[in-house]
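S.K.: Here you go, sequence then predicted model.
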2 protein chains.
Amino acid sequence: MTTRDDRGSDLQRSLALLWAGRSRGKRGPRPRLTAEQIARAAIRIADADGLEALSMQRIASDLGFATMSLYNHVASKDLLLEVMVDVAAGKPPDLGGASDLRPAVRRWVAALWAGFRSHPWLLRVPLDHTPIGPNQLAWLDRLLRPLLGAGLAAGEARAAALHLTAVVRGTAQISLDMGSAHKTDGGRPRTEAELVLALSDLVTADDYPALAAVHAAETADHGAEPLGEDALPAELAFGVDRFLDGIEAWTAERTG
Amino acid sequence: MTTRDDRGSDLQRSLALLWAGRSRGKRGPRPRLTAEQIARAAIRIADADGLEALSMQRIASDLGFATMSLYNHVASKDLLLEVMVDVAAGKPPDLGGASDLRPAVRRWVAALWAGFRSHPWLLRVPLDHTPIGPNQLAWLDRLLRPLLGAGLAAGEARAAALHLTAVVRGTAQISLDMGSAHKTDGGRPRTEAELVLALSDLVTADDYPALAAVHAAETADHGAEPLGEDALPAELAFGVDRFLDGIEAWTAERTG
DNA sequence: ACATAAAAACGTATGACATACGTAGTTTTA
DNA sequence: TAAAACTACGTATGTCATACGTTTTTATGT
């Protein structure tokens, strides 16, 4: 009967692992390894080589321990992933108490975007349930504050927060994820540019009128894209700004 | 030297597989198996038992063939996934030629949502590059039409389409994905309700004021939620409507 | 007609991986 | 001071994608 067997609900273990301020008063040898240590090593690996390079064996050998020793501190790889996500999320940004909705949301969105940018593997971790980690909830809380402050009802604020979270996550997935851990193809990496090129033959104005039109117009201009390192990409900013326009109009009508 | 070895760019193979109207004039025995057949079997499996139940062995045995025979028609599992995604996407909905932006977008969003609802595994397929399948591009094209029709510039339409795609995908991931292929936990499935309950102890108004407030307000009302089977969930509809408000205001200002 | 080369189906083999289980050693508590 | 609980470790198992070789089938060039 080792620890692993007296598993109460997997849920309990998740929560305990994510929240508990390590109990530590038990018997046994002094642990030379902690869950946090493992999670940090795992994050380092995922950051460097992508999620598909993350194996229990790799983590263990990076830490100089035997593979199975990890399981004394982490119930399963799935659980480890959950911990990694919350740890990597870190503390949410400070949005300034100012009740100004737009800049607060903009900052929150930019911070989340930056998070996905620096930990692209976050986008690949399968979401099995509502966020339950303390950090993830803190991010949500921070976003809800300005939304409630702007006069949205509880349900509306929840919906708006969901919307914003979803946009950033989805946009990152579509336009950012592919950069990381690129599968190389027989040695030569496949770039997006290469792809677009190969596609242009297939995307005829006949079958895809709107798409072809947009593509044509885009390759025409093509000058703009100053874009600081951690600023919002234009594609994301436009959508968020339009959404905020809508939210502001909504609250204006309500309070007015 | 079998077929597998003369691989040109993996890209070419993807595109060929997705687009080519099967050439078929070669030598060899009449194939008793086709890529499409394989993809459909795979989709059936993923629909029924989730992505993690999808193995090449399972597909083969379902079809009554040896595992390795699949590789005569599909270069790799990754490639098969790409094909599955495009096939499962199917043809985009008809939005009616009407130039009315809002209902068109609403219908498109609802259709995409329904797609994720019936093929939840779509949300788990890692996105390695821009969509390149004919069906996926068709969906994009369909969405771009009303956006361009409403007077958005090419870049704006592209950004708006990205935004909408991302919202639906992200929202589905956050609030829908977890329903599918639920990992059971020692026999008893872990429900979302169970989770929320366990969390309410941890989410104190002290540490998470906004979150606690929203949660309190939500459990207070709680009456609404008529929601037809394929209608948009309220959480998604609110965000989309606010976004459309913003878009309409934007174009109004532009054309006015 | 026939030889040949390409491609299909199949079986076996390999190497990665998560993780179950047993053992030996260590530390705290009774 | 003995037992209980827990650590680290090694080995073993089962699953998976997929490389490779063999046999069989069929269209093509002679």
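M.R.: That came through fine.
S.K.: elements contacting the host helix or strand of A:T165?
M.R.: Here A:T165 is covered by helix A:154-175, with elements defined by DSSP states H and E. Using 3 or more Cβ pairs under 8 Å, 6 or more residues apart in numbering or on different chains; DSSP states H and E, the elements in contact with helix A:154-175 are helix A:101-118, helix A:134-149, helix A:234-255, helix B:154-175, helix B:209-220, helix B:234-255. The way it works is simple: take the backbone N, C-alpha and C, and place the C-beta from them, glycine included.
S.K.: now the angle from it to helix A:234-255?
M.R.: Angle of helix A:154-175 versus helix A:234-255, following axes from the mean of the first three to the mean of the last three Cα atoms, to 10 degrees, is 170 degrees.
S.K.: The residue in chain A positioned nearest to DNA strand D and A:N72: what is the separation?
M.R.: When distances are taken as Cβ to the nearest atom of the strand, chain A reaches nearest to DNA strand D at A:G28, 2.6 Å away. For A:G28, the distance to A:N72 under the criterion Cβ to Cβ, to the nearest Å works out to 9 Å.
S.K.: How about A:V167?
M.R.: When distances are taken as Cβ to Cβ, A:V167 and A:N72 turn out to be 40 Å apart.
S.K.: neighbour count winner among these two?
M.R.: Neighbours were counted for A:V167 and for A:N72 using other Cβ atoms under 10 Å in any protein chain shown; A:V167 has more, 29 against 16.
S.K.: Which residues are in contact with that one?
M.R.: Contacts of A:V167 were listed using Cβ atoms under 8 Å, 6 or more residues apart in numbering or on different chains, and they are A:109, A:236, A:239-240, A:243, B:163, B:166-167, B:170.
S.K.: what's the lowest-pLDDT member of the residues you listed?
M.R.: Lowest model confidence among the contacts of A:V167 falls on B:G170, which carries 93.
S.K.: and A:G228, what pLDDT?
M.R.: 57.
S.K.: again with A:M1
M.R.: Reported pLDDT for A:M1: 33.
S.K.: Please tell me how far A:L15 sits from B:D78.
M.R.: Taken as Cβ to Cβ, the spacing of A:L15 relative to B:D78 amounts to 35 Å.
S.K.: Which one's more surrounded, those two?
M.R.: Neighbours were counted for A:L15 and for B:D78 using other Cβ under 10 Å; A:L15 has more, 20 against 14.
S.K.: Can you say which helix or strand has that one in it?
M.R.: Secondary-structure element containing A:L15, defined by DSSP H and E: helix A:10-19.
S.K.: just the angle between the helix or strand encompassing A:A48 and helix A:101-118, please?
M.R.: For A:A48, the enclosing helix or strand under DSSP H and E is helix A:35-49. Following the same axes, to 10 degrees, one obtains 80 degrees for the angle between helix A:35-49 and helix A:101-118.
S.K.: Output whichever helix or strand comes after helix A:35-49 as CSV - backbone C-alpha positions only.
M.R.: Using DSSP H and E, the helix or strand that follows helix A:35-49 in sequence is helix A:56-63. The C-alpha trace of helix A:56-63 is given here as CSV (Å, rounded to 0.1, in the frame of the first residue of the first chain):
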residue,chain,number,x,y,z
MET,A,56,8.7,11.4,-17.5
GLN,A,57,12.0,9.9,-18.4
ARG,A,58,13.4,13.2,-19.7
ILE,A,59,12.3,15.1,-16.7
ALA,A,60,13.8,12.5,-14.4
SER,A,61,17.1,12.4,-16.2
ASP,A,62,17.3,16.2,-16.3
LEU,A,63,16.9,16.2,-12.6
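S.K.: and helix A:56-63 with helix A:35-49, angle?
M.R.: Taking the same axes, to 10 degrees, one finds helix A:56-63 and helix A:35-49 inclined to each other by 100 degrees.
S.K.: Now the element after helix A:56-63, going C-ward?
M.R.: Taking DSSP H and E as the definition, the helix or strand that follows helix A:56-63 towards the C-terminus is helix A:77-89.
S.K.: Would you reformat the helices and strands packed on helix A:154-175 as TSV and include distance to DNA strand C?
M.R.: Converted to TSV, the helices and strands packed on helix A:154-175 look like this (distance: least, Cβ to the nearest atom of the strand, whole Å):
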stretch	distance to DNA strand C
helix A:101-118	22
helix A:134-149	22
helix A:234-255	32
helix B:154-175	22
helix B:209-220	31
helix B:234-255	32
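S.K.: could those helices go into TSV alongside distance to A:D221?
M.R.: TSV is the format used below for the helices and strands packed on helix A:154-175 (distance: least, Cβ to Cβ, whole Å):
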stretch	distance to A:D221
helix A:101-118	24
helix A:134-149	33
helix A:234-255	12
helix B:154-175	7
helix B:209-220	41
helix B:234-255	17
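S.K.: deepest of those, which one?
M.R.: Of all these, helix B:154-175 has the most neighbours on average by mean count of other Cβ atoms under 10 Å in any protein chain shown, namely a mean of 23.
S.K.: Flag every residue of the stretch 51-200 of chain A that's near DNA strand D.
M.R.: With the criterion set to Cβ under 7 Å from any atom of the strand, the stretch 51-200 of chain A comes near DNA strand D through A:65-69, A:72-73.
S.K.: ok, of the residues you listed, which come out buried?
M.R.: A:65, A:72-73 (16 or more other Cβ atoms under 10 Å in any protein chain shown).
S.K.: From the residues you listed, pick the one nearest DNA strand C.
M.R.: The shortest separation between DNA strand C and any of those is 8.8 Å, and it belongs to A:N72 (by Cβ to the nearest atom of the strand).
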